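Enquirer: Quick check, what structure comes out for this input:
(chains A and B)
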Number of protein chains: 2
Amino acid sequence: MSQSAFAFVPGHVTGFFSAHPNEDPTKAGSRGAGVTVADGVTVRLEAGDGVELNGEPTAIESVDRVLGALRATAHVVIETDLPLGAGFGVSGAAALGTALATNAVFGRGLSENELVTIAHGAEVQAGTGLGDVVAQARGGVPIRLEPGSPAHGAMDGIPARGTVEYISFGELQTEEIISGETDELSAAGRQALASLVEEPTVETFIEASRRFAREAELLTPRVRETIDDVSEAGGEASMAMLGETVFALGTGLTDAGYDPERCEICLAGAHLR
Amino acid sequence: MSQSAFAFVPGHVTGFFSAHPNEDPTKAGSRGAGVTVADGVTVRLEAGDGVELNGEPTAIESVDRVLGALRATAHVVIETDLPLGAGFGVSGAAALGTALATNAVFGRGLSENELVTIAHGAEVQAGTGLGDVVAQARGGVPIRLEPGSPAHGAMDGIPARGTVEYISFGELQTEEIISGETDELSAAGRQALASLVEEPTVETFIEASRRFAREAELLTPRVRETIDDVSEAGGEASMAMLGETVFALGTGLTDAGYDPERCEICLAGAHLR
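Expert: Residues are numbered from 1 along each chain as shown, chains lettered A, B, ... in the order given. Down below sits the predicted model:
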């Protein structure tokens, strides 16, 4: 390893989506929209092997696949304050951060699109996500107009700044939901995307997300109650796809009496530091 | 005007390019590559009309065209520490910042791609630039693979971080050069892009840029001498397209005995603040 490298990847909360499976993992993906947040994931490489998450040895299939694709052996040190399995795209962030750091340390000479494609494909093949990687590479409030890696997908964004609050009650199994029956979910996702494209504002995004969560029957009782509390306090909230997590614009959760995490929309996409 | 809005757009130094005119300004543009820098342009709107640049009344056609496209009347306050007419894309930044701020203040409800398209088209029609706007919208070290606005163009990026130094000796007339005979220039630009796509690193970028500046016969005596001084001091520098400006990686200009401006590669694209 010729130099040290330290990659940062923002967290990404999807508000709504439709699933678009494909035999080619670079073409598979999702349409939808979400928000990237300044709370994220850092990745650095050390000599050795194995993956470490917040100081504990762990296994993350998408990270192993990225290392394999880049023909690299390293000990991958991942740190994050984000809750795990709660809809923040931590596995996608770990894969993308590993791709950026490995390219720098091992001098692989690949472009950003190539690294995003490798991380996206790894995440799809691991079954842990469909759209976080391309959103995390972009930053801001990404709209996934067409599914897949940069060569196949298409993105836009909502021009927005501001604060996001979130509170997480636990995990949901992404793999079970995105590998199961997704017809109804995807119909709701298509409708949400159409309304957002019509008016790409954060207000429309969160309204469309709330309708999606309801129609796709993904709301848990605690999530439903929290979203209702935020609405009653005059705020806007919805559910993170896929986690038992509520996110709100501005100080929506605090105003409703909760004690949430708070961070800014992340202006930059994934990058070396 | 319903709220205040303050947009930031990074400066963008093109290292090499090929010109791709088209009757449709959303399809016209350039291929090439450059680096966005954290020194940039801020734009805010006040009640009234007219454009103000660093406290002085001025006229910027691309800004007027953006306001016209968004059917808005406002006094546009533009501030920047970047040198003018020196290859930093200030007119493109002013156009893009005006689009972002106007959309926010007047509640136009457009997406980022739509605003970039308006600013890009305004810049092309004003004849003041072909590729700065799409690069400034992206941030990082953008590669323009295909020319034009987001719906028509294609972009990639070099995964890089670090410092850029620059020194400016004066203006060059972008309009004269890009509206003149560009065949030789564009042949050199295509060759430079091919070599960068082969190996997308900052070292290749600056080498390809230097070769382009030489082959396109754009080097002025002072620029040539400064680039040579940086090379002799062991650094890497090239010329900003289009200005009498030298930019260098890291501390290349300082190491060669110059007193340059210094800033970081801008990680984020244009955004509201």
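
Enquirer: can you give me the helices for chain A?
Expert: Taking DSSP state H as the criterion, chain A carries its helices at A:61-69, A:90-105, A:112-126, A:132-138, A:174-179, A:183-198, A:202-215, A:221-232, A:252-255.

Enquirer: Tabulate those (CSV), appending mean pLDDT.
Expert: Below are the helices of chain A laid out as CSV (pLDDT from 0 to 100):
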stretch, mean pLDDT
helix A:61-69, 98
helix A:90-105, 97
helix A:112-126, 97
helix A:132-138, 98
helix A:174-179, 63
helix A:183-198, 93
helix A:202-215, 95
helix A:221-232, 96
helix A:252-255, 97
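
Enquirer: Stretch A:25-41 vs chain B: in contact?
Expert: No - on the criterion C-beta under 8 Å from any C-beta of the partner chain, stretch A:25-41 is out of touch with chain B, staying 10.6 Å away. Any C-beta I mention is one placed from the backbone N, CA and C, and that applies to glycine too.

Enquirer: Select, out of the helices of chain A, the one closest to chain B.
Expert: Chain B sits nearest to helix A:112-126 of all the helices of chain A, at 3.9 Å, using C-beta to the nearest C-beta.

Enquirer: got the residues of the stretch 1-150 of chain A near chain B?
Expert: So the stretch 1-150 of chain A meets chain B at A:100, A:103-104, A:109-115, A:139-140, A:143, A:150 (C-beta under 8 Å from any C-beta).

Enquirer: can we see that at 6 Å?
Expert: Counting by C-beta under 6 Å from any C-beta of the partner chain, the residues of the stretch 1-150 of chain A close to chain B are A:Leu100, A:Gly109, A:Ser111, A:Glu112, A:Asn113.

Enquirer: Buried among those? Make that a PyMOL selection.
Expert: Here is the PyMOL command that selects the buried residues among the residues of the stretch 1-150 of chain A next to chain B (16 or more other C-beta atoms under 10 Å in any protein chain shown):
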select buried, chain A and resi 100+111+112+113
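
Enquirer: for A:Ala122, what are its contacts?
Expert: By C-beta atoms under 6 Å, 6 or more residues apart in numbering or on different chains, A:Ala122 lies in contact with A:Ser62, A:Arg65, A:Val66, A:Ala95.

Enquirer: returning to what we had before: which among the helices of chain A is found nearest to A:His20?
Expert: Comparing those against A:His20 with C-beta to C-beta, the closest turns out to be helix A:183-198 (8.0 Å).

Enquirer: The closest one and chain B in contact?
Expert: No - residues of helix A:183-198 are not located near chain B by C-beta under 6 Å from any C-beta, the shortest gap being 7.6 Å.

Enquirer: Can you get me a residue count around A:Gly257?
Expert: 9 (other C-beta atoms under 10 Å in any protein chain shown).

Enquirer: Find the nearest non-adjacent residue to it, please.
Expert: Leaving aside its sequence neighbours, A:Gly257 sits nearest to A:Asp229 (C-beta to C-beta, 6 or more residues apart in numbering or on different chains; 7.1 Å).

Enquirer: close enough to count as contact, that neighbour and A:Ala256?
Expert: Yes - with contact defined as C-beta atoms under 6 Å, A:Asp229 counts as touching A:Ala256 (4.3 Å).

Enquirer: The two: who's more crowded?
Expert: Neighbours were counted for A:Asp229 and for A:Ala256 using other C-beta under 10 Å; A:Ala256 has more, 23 against 19.

Enquirer: Quick check: the gap between the more buried one and chain B.
Expert: Separation of A:Ala256 from chain B (C-beta to the nearest C-beta, to the nearest Å): 24 Å.

Enquirer: What's the per-residue pLDDT of that residue here?
Expert: pLDDT, A:Ala256: 97.

Enquirer: give the contact list for it.
Expert: Neighbours of A:Ala256 in contact, by C-beta under 6 Å, 6+ apart: A:Asp229, A:Val230, A:Ala233.

Enquirer: got a list of what the second one touches?
Expert: Taking C-beta under 6 Å, 6+ apart as the criterion, A:Val230 is in contact with A:Ala237, A:Ala248, A:Gly252, A:Ala256.

Enquirer: try it again with 7 Å
Expert: A:Glu236, A:Ala237, A:Ala248, A:Gly252, A:Leu253, A:Ala256 (C-beta atoms under 7 Å, 6 or more residues apart in numbering or on different chains).

Enquirer: what bridges to the spatially closest residue to it that is not a sequence neighbour?
Expert: The shortest distance from A:Val230 to any non-neighbouring residue, by C-beta to C-beta, 6+ apart, is to A:Ala237 (3.8 Å). With DSSP bridges applied, A:Ala237 shows beta-bridge pairing to A:Ala248.

Enquirer: can I assume A:Ala237 is in contact with A:Thr245?
Expert: No - if you go by C-beta atoms under 7 Å, A:Ala237 and A:Thr245 don't touch, sitting 10.4 Å apart.

Enquirer: in the top strand by length along chain A, what counts as buried?
Expert: Across chain A, the longest stretch assigned as strand under DSSP state E is strand A:29-46. Residues of strand A:29-46 classed as buried: A:29-45 (neighbour count, 16+ other C-beta under 10 Å).

Enquirer: pLDDT value on A:Ser111, please?
Expert: 98.

Enquirer: To clarify, my last question referred to A:Gly170.
Expert: 81.

Enquirer: In contact with it, which residues?
Expert: Applying C-beta under 7 Å, 6+ apart to A:Gly170 gives the contacts A:Glu244.

Enquirer: I'd like the distance between the residue nearest to A:Gly257 and A:Ala237.
Expert: 8 Å (C-beta to C-beta, to the nearest Å).

Enquirer: Which residues belonging to stretch A:80-89 are considered buried?
Expert: Applying 16+ other C-beta under 10 Å to stretch A:80-89 flags A:Thr80, A:Leu82, A:Pro83, A:Gly85, A:Ala86, A:Gly87, A:Phe88, A:Gly89 as buried.

Enquirer: likewise stretch A:141-155?
Expert: For stretch A:141-155, by 16+ other C-beta under 10 Å, it's A:141-145, A:147-150, A:152-155.

Enquirer: now, which of those residues sits nearest B:Ala5?
Expert: A:Val141 (15.6 Å).

Enquirer: so the closest one makes contact with A:Cys266?
Expert: No - look at A:Val141 against A:Cys266 with C-beta under 7 Å: they stay out of range, at 9.5 Å.

Enquirer: on that earlier part again, residues shared between the contacts of A:Asp229 and A:Ala237?
Expert: With C-beta under 7 Å, 6+ apart, A:Asp229 and A:Ala237 have no common neighbours.

Enquirer: Would you quantify the distance from the closest residue to A:Thr117 other than its chain neighbours to chain B?
Expert: Nearest-residue entry for A:Thr117: A:Ser149, 4.0 Å, with adjacent residues in sequence omitted and distances by C-beta to C-beta, 6+ apart. Going from A:Ser149 to chain B by C-beta to the nearest C-beta gives 12 Å.

Enquirer: do the same with A:His152
Expert: Distance from A:His152 to chain B, by C-beta to the nearest C-beta: 12 Å.

Enquirer: Need the nearest residue in space to that residue, chain neighbours excluded.
Expert: A:Lys27 (5.0 Å).

Enquirer: and that neighbour, how many residues sit next to it?
Expert: Neighbours of A:Lys27 (other C-beta under 10 Å): 18.
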